[in-house]
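Novice: Build me a model:
(one chain, ligands or ions: 1)
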Amino acid sequence: MHQLKKIEMTGFKSFAKKSTLYFNSPVIGVVGPNGSGKSNVVEAFRFVLGEQSIKSLRSKSGADLIFKGSKSLPALSRASVSITFDNSKKQFSFSGSDLEKVSLDFDEIVITREVFRDGGNTYSINGTEVRLKDVLDLLASVHIGSSGHHIISQGAADRILTSNGKERKVMIEDALGLKVYQTKIREAEKKLEKTRLNMKEVSIQRRELAPHLAFLKKQVEKIEQASIVRADLESLFGSYQKSEISFIKNKKDELHNFEKEQKETLENIDKQISSLEKVMKERFSSAQDPRIEEHEKSLASFRHAKSDIEHSIGRLEGMIQVLENQGKHVGDNKPISRNTVVSFAKDTISTIDEALSSGDSTVLKNALSHIKSKLQNLVTIEEDVVIDNSALIQEHRDTITKLNQERNQIISREQNIQSAIASIKQEKSEHESNFAESEKNYLSLVRQKSDIESELRFSTHKHEDIKSREERLNQEIKELSVLIGPSAVLPKEDAELISTEEALSTLKQKIFRLKIKLEDSGSIGGNEITIEYQNALERDQFLMQELSDIDGAILNTTTLIAELRSTLMTEFKQGVEKINTQFQEFFSTMFGGGNAFLSILTLDKKENSEDEEVISDVDKADPIIEQGIEIHVSLPHKKVKDLQMLSGGERSLTSIALLFAISQVNPPPFLVLDETDAALDEANSRRYGDMIERLSKYSELIVVTHNRETMSRAKVLYGVTVGSDGSSKLLSVQFDEAEQYAK
Ligand code: ATP
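Specialist: Sure, this is the predicted structure:
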């Protein structure tokens, strides 16, 4: 049973009132006089199946499709056509669109199209309003293509002959049900184009990101470098700090000990100096030794006493002599002995000298009285000569002895004093030599003292040096704290201790260089940059992934397109071959021989189409060869091969043979033939009728005809008449009536 059930027209063209054609027989004939509205029925098919060319519906606007009114009927505001298909086998489906709102789970599918006078146009499937696209999609699932090859309008039978190769190809592709591939290819190409655009965009984004990413990468490397430098710096500075502190402490201790030692030495020296100074003072006072003076005074008094004693002795001895002489030479003018005189003279000289040297008048007086008494003695000697003197002499001699004893005593004391003086002098000379030694010592001590004092003065500088070194270290700590953070400059127990000043100075230089390096790397906001870099990197990787995904998608789509094309090509070739077999058969049946076939013509796309859309990238990459279909015929007993040279009937037969062949290969649910048989003679009309019967096994056939032979093949005939109200009417008629109608 065929799928087509009925078609209903309401207000469509000449059909003012609802008119229905039922398709309950394989061949339906539509008959009626000229102008009754038969072609309007055919157009109703086109209309409801989504025809977009108003012109092909013989109208100028949508409004022309609506019943315009007659003498007795008013004009209508809308025209509607519904076509009903059987769907008990659930053959209808949507491929492209996934219309959830339309259920196809019904035994019937009703497609309705309406136009309104105001230009409105609607489609519905089973009462649900849909888009044209959905209608076409649904129809495609039952091989009803939009090329309309299965609806042959009046006078348009040889359209397939007059159209060009490309149009023929579209028609044949449509008939073969290959349009779905074309749709899929177009969709894939669109997708590809979109994907390529997307790829371009992503590539641009990535390219735009690249310099920023590179910049950030450099920054991050710098930061990492800086953090290594910072760590080095921290460790080196730790060692430096520890060593410097220890160094300063050692210096302090050293200096302290040195100063302590020096001060002790100085104290010691001071003691020695002050004792030496005492010794020296003594020396100056011993220059006039009071003891020697004392002794010399004693010596002088001794000399006086001695001289006095000697005087007395001399005088006594003189007196003794005088006395002795008086005894021997009484009355005798005995002269005074020379000894007496000399002794007297000596004595006198000495007394005078002493008096003179003293210069003292008392001494002078004493000396003079002494001299006078001596001189008196001398005179008296001369007068008292006669006196017995022996006792007196003896007395004198005793006195002399006593005096001598006294004198000896004085001499011995004198000697004692002299030896005392000598010993003092000895002692002094010894002292003198000791003093030279002391002086030498003293001077050396003074020198030492001054040396030590200058050392001590110098050590004040050393204190200052240490202090400034300490301050410098603190300053360095402060500076570094600013550069690498306060926690990084805390003293480190486990830091390496540098033992030599030289190594320490090398270390300091290293630290200096690292500091400069760190300062050079700038005060980059470390964390923020790193995060920004991470983000940029992630974005870049995301874009890269995106690109690779897109690449994959492009490859997939390209492959899909290639596959679709290849399938299309194969199926198209196979379809054409099948059509050719049928074409040959129909053709030779029609013409009683001869040959007819289609060939696939490949044309360079460029040559073929100036009016084509811009060649896309896809076509450049995979230049598809545009194909067309050429028709080859050779009539029996005739040399004519050019289609243009065929007679009207021949053209008609050829195109019918081809259309039938196409329909045979992939039978559509129905085939509408509007006076396709008009140009046929009786014999050909019979052959035509045979073919219609043959085709009706596969497709519902609706034949609009004036041809008796054709009518006879239809089991059901509809007559179209124009009623008294001026609108077309449909009524089922018998063959005899039909013959009447047709005339
Ligand atoms: P033929 O046998 O000569 O081909 P036909 O039966 O195919 O004729 P149609 O061409 O279908 O006749 O009918 C044409 C008729 O329909 C014309 O008389 C025309 O006036 C009428 N018609 C077309 N459009 C409208 C309309 N919008 N309103 C009323 N009548 C219309």
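Novice: residue boundaries of the strands in this protein?
Specialist: Using DSSP state E, the strands assigned to the chain run over residues 4-10, 19-22, 27-31, 78-86, 108-116, 121-125, 128-130, 151-152, 595-603, 626-634, 670-674, 700-704, 716-722, 728-733.
Novice: for those strands, which one sits closest to the ligand?
Specialist: strand 716-722 (6.0 Å; C-beta to the nearest ligand atom). In short, each C-beta sits where N, CA and C put it, glycine included.
Novice: list the helices and strands that closest one packs on?
Specialist: strand 27-31, strand 728-733, helix 735-742 (3 or more C-beta pairs under 8 Å, 6 or more residues apart in numbering; DSSP states H and E).
Novice: quick one on the thing from earlier: could the strands of the chain go into TSV alongside distance to Lys190 and mean neighbour count?
Specialist: Output for those, formatted as TSV (distance: least, C-beta to C-beta, whole Å; neighbours: other C-beta atoms under 10 Å):
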stretch	distance to Lys190	mean neighbour count
strand 4-10	34	21
strand 19-22	40	19
strand 27-31	41	26
strand 78-86	31	22
strand 108-116	27	21
strand 121-125	24	17
strand 128-130	22	16
strand 151-152	30	22
strand 595-603	24	17
strand 626-634	19	18
strand 670-674	33	25
strand 700-704	36	26
strand 716-722	45	21
strand 728-733	44	19
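Novice: Redo those as a markdown table? Include mean pLDDT and distance to Gln321.
Specialist: Shown next, in a markdown table, are those (pLDDT from 0 to 100; distance: least, C-beta to C-beta, whole Å):
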| stretch | mean pLDDT | distance to Gln321 |
| --- | --- | --- |
| strand 4-10 | 95 | 221 |
| strand 19-22 | 94 | 227 |
| strand 27-31 | 94 | 229 |
| strand 78-86 | 96 | 216 |
| strand 108-116 | 96 | 212 |
| strand 121-125 | 95 | 208 |
| strand 128-130 | 93 | 204 |
| strand 151-152 | 84 | 219 |
| strand 595-603 | 87 | 203 |
| strand 626-634 | 86 | 201 |
| strand 670-674 | 91 | 221 |
| strand 700-704 | 93 | 223 |
| strand 716-722 | 93 | 233 |
| strand 728-733 | 90 | 231 |
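Novice: Now distance to Tyr442 too, for the helices and strands packed on strand 716-722, in CSV please.
Specialist: Shown next, in CSV, are the helices and strands packed on strand 716-722 (distance: least, C-beta to C-beta, whole Å):
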stretch, distance to Tyr442
strand 27-31, 161
strand 728-733, 163
helix 735-742, 172
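Novice: To Asn40, which of these lies closest?
Specialist: Closest approach to Asn40 among those (C-beta to C-beta): strand 728-733, 6.6 Å.
Novice: Give the other helices and strands that that closest one contacts.
Specialist: Using 3+ C-beta pairs under 8 Å, 6+ apart, strand 728-733 sits against strand 19-22, strand 716-722.
Novice: ok, and what's touching the longest one?
Specialist: Counting by C-beta atoms under 8 Å, 6 or more residues apart in numbering, strand 716-722 makes contact with 14, 21-22, 24-25, 27-33, 35-38, 41, 711, 728-735, 737-738, 741, all of which sit outside it.
Novice: how about a cut-off of 7 Å?
Specialist: For strand 716-722, the surrounding residues in contact (C-beta atoms under 7 Å, 6 or more residues apart in numbering) are 21, 25, 28-32, 36-38, 41, 711, 728-733, 735, 737-738, 741.
Novice: ok, now the shortest one?
Specialist: By C-beta under 7 Å, 6+ apart, the residues outside strand 19-22 that reach it are Lys6, Ile7, Glu8, Met9, Val41, Tyr718, Ser728, Lys729, Leu730.
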